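Student: give me the fold of what follows.
(one chain, ligands or ions: 3)
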Amino acid sequence: MKINIVKAASGKANVSALFFVKQSVQFSNIISEAATVQVESVLKGMVDGPFEDLELLEIDGTSTIFVNAAKERGISSLDHLRMAAYRLAKKAMARQIPVVNIMLADAADEQFKAIAHGLNSANYKFDAYKSKQKDNFQVTFEIVAGDKSSDFKAIEEEVAVEQTAVTLAKNLVNTPAADLTPEDFVENAKTIAKYTPGLSIKVRDVKQLEKEGFMGHVTVGKGSERPPYMVTISYDGTKSSSRAGKKSERTSADHLVLVGKGLCFDTGGLCLKPPKSMPEMISDMTGAATVLAAIQAIATLKLPLKVSAVLCLAENAIGNKSVLPGDIFTAKNGKTVMVDNTDAEGRLVLSDGLAEAGLIGATHIVDLATLTGAMVRALGYAIAGFFSNDDPLALNIINSGEASCEKFWSMPLEEEYADGLKDKFADLKNTGSDAGAISAALFLQEFVPADTAWAHLDIAGTAFVTKKWKYTEYGATGFGVQTLIELARRMSNATAASEEYKEI
Ligand code: BES
Ligand code: ZN
Ligand code: ZN
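Tutor: Ligands and ions are numbered 1, 2, ... in the order given. From the prediction side, this is the model:
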């Protein structure tokens with residue numbers, strides 16, 4: 001797939017596509033008069049009637065496709081544009097149409113961004129495990145952008161970086177556990193750090209983890225032949241960037257640390273999962289994949305912010321050395337933890353990730369984890385619940401999500417349930433009350449470094465779908481990658497704004 005931004009239509013197109021991004025669409029100049037009448041009646045139908053069947057319309061022979069980007073129930077108009085673009089691209093590839101032009105001179109920047117994301121996401125496929133691979137048909141989308149063409153070019157470049165990151169996350173998640181062990185994951189992270197300018201990487205193996213007291217990883221990982229690792233990737237965009245050529249002292253000392261749960265597979269351990277819910281556990285490393293992908297994009301986009309990513313990698317397996325229910329270990333921050341249920345392993349590795357975030361000087365921590373089945377039951381596959389101790393950060397996450405067409409819902413860190421985590425022998429146990437997602441968040445809060453803004457994103461429902469959802473046919477959704485990039489963008493803009501204020 002290729003996206004070319006042009007001022008005016010080149011005349012090479014086999015098909016023209018019109019997105020109804022505005023109520024008053026100017027289509028009469030590109031289609032025949034007879035078709036105009038037809039379109040008008042269809043438009044009227046759209047206003048009056050159900051939208052479902054009017055997504056993609058073909059009128060005027062095969063030469064014009066009309067894409068209805070009107071609002072659908074529960075879907076924002078930007079997301080609807082994404083979905084419409086996705087379907088358009090799928091159709092163009094299936095029909096083997098070489099050049100499609102899209103008339104977008106009327107579109108706003110964020111509308112074009114949504115369309116570009118939608119087109120790109122249609123290109124994703126995961127067929128490495130098929131005996132025969134098939135290339136997607138190469139469609140060129142010619143975006144007719146008029147005066148907006150230079151703005152749209154910059155946006156398109158950004159979208160390409162973001163989509164590369166989304167693809168990386170999806171590929172990691174969709175790869176079976178046998179081919180993506182913690183060690184394989186480390187190799188992937190090393191490759192990314194090597195080829196992305198501005199990233200540095202530190203890897204701790206199980207020996208090092210044990211030596212330094214990161215016992216969450218050691219405890220969870222010891223049942224497997226494939227040992228755990230913790231990876232810290234760092235990026236400092238405040239050093240090299242000088243906006244508009246101005247060398248400026250940065251006033252903000254913000255350091256955003258992204259922590260990801262990276263369970264390459266979660267059998268549940270000795271508290272074994274039932275067979276039905278196990279295959280999906282290849283996605284239990286989505287948090288780590290998401291933060292790795294996000295930091296790759298953040299560095300590529302050269303965002304002027306200090307960002308790190310901590311990947312908590314392990315396999316929760318059954319072996320003769322597996323952690324036993326009732327075992328007690330001492331976490332990095334000195335608190336003792338009784339392992340009540342070996343299937344509540346994510347919070348144990350994350351206790352180390354949160355400690356590492358503190359050690360490297362986080363001012364803001366955002367952790368992502370496929371943490372609880374309770375969250376799946378509460379909010380389903382379309383919304384991720386999150387918990388935060390900091391209102392501005394929480395608002396920033398909701399807004400970054402909305403701009404990325406990813407839904408986040410703020411959940412309560414309700415202290416009343418905290419007593420449920422108390423243990424008779426140890427300071428804490430790893431399971432709590434009935435409120436499973438809240439208990440897990442309260443457990444994590446015990447390990448958040450003092451005076452640090454923190455948010456925990458439970459992406460158990462949104463990470464992986466077993467039936468088609470929006471622009472994912474099956475498997476990893478890439479959910480969260482774009483929100484994290486947008487969050488970093490907003491945090492760096494805030495830094496830049498406060499600097500400008502200081503300069504005045
Ligand atoms: N990885 C699972 C959570 C999960 C469930 C992710 C469904 C994606 C889809 C996690 O490690 C887990 O097993 N959590 C337990 C915790 C319980 C034992 C306290 C759960 O939610 O059942
Ligand atoms: Zn588990
Ligand atoms: Zn898990």
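
Student: where do the strands sit along the stretch 51-200 of the chain?
Tutor: Here the stretch 51-200 of the chain has its strands, by DSSP state E, counting those that start in this stretch, at 56-59, 64-67, 99-103, 140-144, 199-204.

Student: which elements pack onto the last one?
Tutor: Looking back up the chat, that one is strand 199-204. Applying 3 or more Cβ pairs under 8 Å, 6 or more residues apart in numbering; DSSP states H and E, one finds that strand 199-204 contacts helix 182-195, strand 229-236, helix 286-300. Heads up, the C-betas are built off the backbone N, CA and C, glycines and all.

Student: now do the shortest one against helix 286-300, angle only.
Tutor: Using axes from the mean of the first three to the mean of the last three Cα atoms, to 10 degrees, one finds that strand 229-236 and helix 286-300 are set 20 degrees apart in direction.

Student: so what's F185 closest to, chain neighbours aside?
Tutor: L313 (5.2 Å; Cβ to Cβ, 6 or more residues apart in numbering).

Student: in contact with the one you found, which residues?
Tutor: Listed by Cβ atoms under 8 Å, 6 or more residues apart in numbering, the contact partners of L313 are 182, 185-186, 217, 228-231, 262, 264, 285, 288, 349.

Student: what strand or helix carries it?
Tutor: strand 306-316 (DSSP states H and E).

Student: is any residue of that strand near ligand 2?
Tutor: No: interface with ligand 2: strand 306-316 contributes nothing (Cβ under 5 Å from the ion), its closest point being 5.9 Å away.

Student: now for the helix or strand following that strand, which elements pack on it?
Tutor: On the C-terminal side of strand 306-316, the nearest following helix or strand under DSSP H and E is strand 328-330. Strand 328-330 is packed against helix 215-221, strand 336-338, with contacts defined by 3+ Cβ pairs under 8 Å, 6+ apart.

Student: most tightly packed of those?
Tutor: Using mean count of other Cβ atoms under 10 Å, the stretch among the helices and strands packed on strand 328-330 with the greatest mean number of neighbours is helix 215-221 (a mean of 27).

Student: low pLDDT regions in the stretch 201-350 of the chain?
Tutor: 240-252 (pLDDT under 70).

Student: no wait, the chain
Tutor: Counting by pLDDT under 70, the ranges of the chain that qualify are 20-72, 240-252, 496, 498-504.

Student: tell me which residue of it lies closest to ligand 2.
Tutor: D343 (3.8 Å; Cβ to the ion).

Student: where do the helices sit along the stretch 351-500 of the chain?
Tutor: 373-379, 391-403, 436-445, 481-503 (DSSP state H, counting those that start in this stretch).

Student: and these: which comes nearest A85?
Tutor: A85 lies closest, by Cβ to Cβ, to one member of the helices of the stretch 351-500 of the chain: helix 481-503, at 15.0 Å.

Student: so how many other residues sit close to the residue of the chain closest to ligand 2?
Tutor: 20 (other Cβ atoms under 10 Å).

Student: and the residue nearest to it when sequence neighbours are not counted, which of the three is it?
Tutor: Leaving out its chain neighbours, the residue that sits closest to D343 by Cβ to Cβ, 6+ apart is G268, at 3.9 Å. Following DSSP: H, G, I helix; E, B strand; the rest coil, the label given to G268 is coil.

Student: next: the one 5 residues further on.
Tutor: What three-state DSSP gives for K273 is coil.

Student: who touches it in this structure?
Tutor: D266, T267, M281, D343.

Student: repeat the analysis, applying 10 Å as the threshold.
Tutor: Counting by Cβ atoms under 10 Å, 6 or more residues apart in numbering, K273 touches D266, T267, P279, E280, M281, N316, D343, G373.

Student: sorry, back to before: the helices and strands packed on strand 199-204 into JSON lines, with extra columns for distance to A394 and mean neighbour count?
Tutor: Converted to JSON lines, the helices and strands packed on strand 199-204 look like this (distance: least, Cβ to Cβ, whole Å; neighbours: other Cβ atoms under 10 Å):
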{"stretch": "helix 182-195", "distance to A394": "29", "mean neighbour count": "18"}
{"stretch": "strand 229-236", "distance to A394": "24", "mean neighbour count": "23"}
{"stretch": "helix 286-300", "distance to A394": "18", "mean neighbour count": "29"}
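
Student: redo those as CSV? Include distance to ligand 1.
Tutor: Formatted as CSV, the helices and strands packed on strand 199-204 follow (distance: least, Cβ to the nearest ligand atom, whole Å):
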stretch, distance to ligand 1
helix 182-195, 15
strand 229-236, 18
helix 286-300, 8
